[in-house]
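1. show me how the following folds:
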Amino acid sequence: MNIAAEKTSKVNIGFVVLLVGVFMAALDNGIISAALTTINSSFDVSATQGSWGITLYTLGLAVMTPIVGKLADRYGRKKLFLIEIAIFTIGSLGVALSPNFSLFLAARLFQSFGGGGIFIIASSHVLSTFTKEKQGSMLGLLGGMNGIASVVGPNIGSFLIDLTGNWHWLFLINVPIGIALVVFGIFSLHETKSYVMSKIDFLGISLLSFSILSIMFAVNNIGQGGSFTEDAAKWSVLGLLLLGIAVFAVLIYVEKRNERGDAIDPILPYSLLRKPTYAMTMVMGLLSGTFIGAIIFIPSFAQQILGISAAKSGYWMTPLALASGIGAGGGGYFVDKKGPLKTLIFAGLIGIIGFGGLGLFTETKLTFIIFSVIAGIGFGFVLGAPLTVLTSNAAGTQKGSAIGTLSVARQIGLTISPTIFAVFIQNGFSKIGDLIPQKLKEHGVNPADMPAGSMEQIQGGSYGDLQSKIDKIPSPDVRDAIHEAFQQAAHQAYEPIYITTAVMALLIIVITVLFSRQYKQDAADSERLEAEEQQLAASGQ
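-> Predicted coordinates:
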């Protein structure tokens, strides 16, 4: 049997293995958020301490993603995929069986070392195994799995806790799935790798890891204290951010020197760093991360704007989640038929309509469903194939590390955007104190006639409790006035989130159009390089 026939015979089961692996790894960062309170109580730690269960996993993913992508290029994508699944499975078992919080955190970090490379290796494997006519569809499905898992993770976590009554099953369920993936992967995946130089870039790996850690720690420290501006000026944020940028500058110098020496396989090739199309694709990756950041606030949006109960607000993610899956598959098909550039422009237009509609025109449950479905389709289109294909075209033989860096850029966008969006919400609801007296006067009620302490009682507590307090007000005029003030404040809190996301979609369109000629040249160069590699492989047989 020749190589092509062998690939065809194994591709169906092998691709299912990749899909399930990607879904499992992406799910684990969101699924824990539903169990944080339960986990914190079981280990008797504070909410701030408990948040490290998410932070460490996120940091581990960000650091390991480009490193594993490079190792997969060098030693084989099948081999590294199976190793990553094994590490993730062992880490999941360690998390579930942790006797104390310190070991729980250590196991979460170890688990992230496995989860960090699964999506990247799966994408690289598709690019090196499937023909260009099928790559878009396959990458779209992988991206869809990755995005849907991130979106529905909290809901699945809540369901499993309600079903089992035990947070340990959130991680134990990964063990049989991981074992099955390793077994099926051994027999169904075809090994692929790239020809690389002899020496590993240990210094570059160290500098890249330290730079990512510094930047991610800086981002995670925002919102831990006072306001956004106060936190951003602290050395725990500004100092770490500047340190990360300085270390990255040193990395660029080191990689430039390595490329001249021709003796080391760089973790982040300088030729890529100075390539405008590669840099712009990383920017678009960061912008696409804000899409996920905006989607995180959908449940609270449904609760505050539409009056959905807190217990049911999570279910209102379902239309968007289903639409994103359809969008990811459709986006991949569109890439195969029309190319990544037209796909990104189309996706950006859909994103502008969907997210812009959520911010500006959503007043009823029906309009919410319509615009969330549109936003989900646009989100799915962007998430999967087009950016990965553009990155692969620009990367040449450095596909793994390049796609890994794209994933890190998206992760940074996902990490930064919720912090900024939380500031929007805080600023919006902070205006309710001024809006209530204004609305009371419009309804013919003198604010001075309000019972002593009633205003403080209404404004105290969380915004989720405020709606229930308003409903208990006996006077219809007062109740209607305060309800209108709350609704106006809620719109001012959430509108900037989705308008900002629509602007990010517009920026993706602008970048795509401005650099379209260079991207087309990358595609032509990639096809030529691929043909040369095939000729080289044929001559060596």
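2. for the stretch 201-350 of the chain, what spans make up the helices?
-> Listed from the start of the chain, the stretch 201-350 of the chain has helices (DSSP state H, counting those that start in this stretch) covering 202-221, 228-232, 240-261, 270-273, 276-295, 298-306, 310-313, 318-338, 340-360.
3. gap between the third one and the chain center?
-> On the basis of Cα atoms, centre = their mean, to the nearest Å, helix 240-261 sits 25 Å off its chain's mean C-alpha point.
4. now swap in the fifth one and tell me
-> Using Cα atoms, centre = their mean, the distance from the centre of helix 276-295 to the centre of the chain it belongs to is 10 Å.
5. OK, contacts around residue 212?
-> The neighbours of residue 212, taking Cβ atoms under 8 Å, 6 or more residues apart in numbering as the test, are 59, 62-63, 244, 408. C-beta coordinates here come from the backbone N, C-alpha and C atoms, glycine included.
6. go again using 10 Å as the cut-off
-> By Cβ atoms under 10 Å, 6 or more residues apart in numbering, residue 212 lies in contact with 59, 61-67, 244, 247-248, 405, 408, 411-412.
7. check residue 480 too.
-> Residue 480 sits next to 439-440, 442-443, 445, 470, 473 when contact means Cβ under 10 Å, 6+ apart.
8. a markdown table for these, including secondary structure, pLDDT and neighbour count?
-> Formatted as a markdown table, the contacts of residue 480 follow (DSSP: H, G, I helix; E, B strand; the rest coil; pLDDT from 0 to 100; neighbours: other Cβ atoms under 10 Å):
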| residue | secondary structure | pLDDT | neighbour count |
| --- | --- | --- | --- |
| 439 | helix | 84 | 22 |
| 440 | helix | 82 | 23 |
| 442 | helix | 82 | 13 |
| 443 | coil | 77 | 15 |
| 445 | coil | 75 | 18 |
| 470 | helix | 69 | 17 |
| 473 | coil | 71 | 16 |
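9. okay, domains of this structure per the record?
-> The chain resolves into domains spanning 1-197, 199-262, 275-444+456-541 when parsed by automatic domain parsing.
10. turn these into TSV, columns for distance to residue 269.
-> Compiled in TSV, these are given as follows (distance: least, Cβ to Cβ, whole Å):
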stretch	distance to residue 269
domain 1-197	10
domain 199-262	6
domain 275-444+456-541	5
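11. where among the ones you listed is average confidence lowest?
-> Of all the domains of the chain, the minimum mean pLDDT falls on domain 199-262 (a mean of 78).
12. ok now that domain, how far from the chain's centre?
-> Computed by Cα atoms, centre = their mean, the separation of domain 199-262 from the middle of its chain amounts to 20 Å.
13. check stretch 493-508 too.
-> 16 Å.
14. list the buried ones in it?
-> 493-502, 504-506, 508 (16 or more other Cβ atoms under 10 Å).
15. and for stretch 414-429?
-> Residues of stretch 414-429 classed as buried: 414-425, 428-429 (neighbour count, 16+ other Cβ under 10 Å).
16. same deal with stretch 61-79?
-> In stretch 61-79, counting by 16+ other Cβ under 10 Å, buried: 61-74, 76-79.
17. for the closest residue to residue 184 other than its chain neighbours, what are its contacts?
-> Counting by Cβ to Cβ, 6 or more residues apart in numbering, residue 17 is the residue found nearest to residue 184 once chain neighbours are left out, at 5.1 Å. By Cβ under 10 Å, 6+ apart, the contact list for residue 17 reads 10, 78, 81-82, 85, 122, 125, 180-189.
18. how about residue 17, phi and psi?
-> Dihedral pair for residue 17: phi -60, psi -40, per degrees, to the nearest 10.
19. check the gap between it and residue 111 for me.
-> Separation of residue 17 from residue 111 (Cβ to Cβ, to the nearest Å): 19 Å.
20. for residue 57, same thing?
-> Distance from residue 57 to residue 111, by Cβ to Cβ: 7 Å.
21. shared neighbours, the two?
-> 28, 91, 95.
22. among those, which one sits closest to residue 292?
-> Distance to residue 292 across the shared contacts of residue 57 and residue 111 (Cβ to Cβ) is lowest for residue 28, with 15.3 Å.
23. tell me the strands in the chain, going along the chain?
-> With DSSP state E as the criterion, the chain has strands at 199-200, 264-265.
24. tell me the strands beside the first one, with direction?
-> Just to be clear, that refers to strand 199-200. strand 264-265 (parallel) (DSSP bridges).
25. need the contact partners of the partner strand.
-> So strand 264-265 is contacted by 70, 73-74, 194, 196-204, 254-255, 257-258, 398, 401 (Cβ under 10 Å, 6+ apart).
26. wait, residue 514 touches residue 280, no?
-> Yes. Contact criterion Cβ atoms under 10 Å: residue 514 and residue 280 qualify, at 8.1 Å.
27. and residue 207, what does it touch?
-> Residue 207 touches 201, 247-255, 267-268, counting by Cβ under 10 Å, 6+ apart.
28. tell me the most packed of those, by neighbour count.
-> Highest neighbour count within those, by other Cβ atoms under 10 Å: residue 267, with 28 neighbours.
29. and the nearest residue to it once chain neighbours are set aside, what does it touch?
-> Nearest residue to residue 267, sequence neighbours excluded (Cβ to Cβ, 6+ apart): residue 204, at 4.0 Å. Residues in contact with residue 204 (Cβ under 10 Å, 6+ apart) are 67, 70, 250-252, 254-255, 258, 264-269, 401.
30. what's the neighbour count on residue 395?
-> Other residues close to residue 395 by other Cβ under 10 Å number 27.
31. tell me how far it lies from residue 431.
-> Applying Cβ to Cβ to residue 395 and residue 431 gives a distance of 47 Å.
32. just give me the closest of the contacts of residue 480 to residue 134.
-> residue 470 (54.9 Å).
33. all the helices of the stretch 351-500 of the chain, residue numbers only.
-> According to DSSP H, counting those that start in this stretch, the helices that the stretch 351-500 of the chain contains are 365-383, 385-395, 399-429, 432-442, 454-459, 463-471, 476-514.
34. with distance to residue 341 added, can I get the ones you listed in CSV?
-> Formatted as CSV, the helices of the stretch 351-500 of the chain follow (distance: least, Cβ to Cβ, whole Å):
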stretch, distance to residue 341
helix 365-383, 13
helix 385-395, 8
helix 399-429, 16
helix 432-442, 45
helix 454-459, 50
helix 463-471, 42
helix 476-514, 6
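35. who wins on neighbours among the shared contacts of residue 57 and residue 111?
-> residue 95 (28 neighbours).
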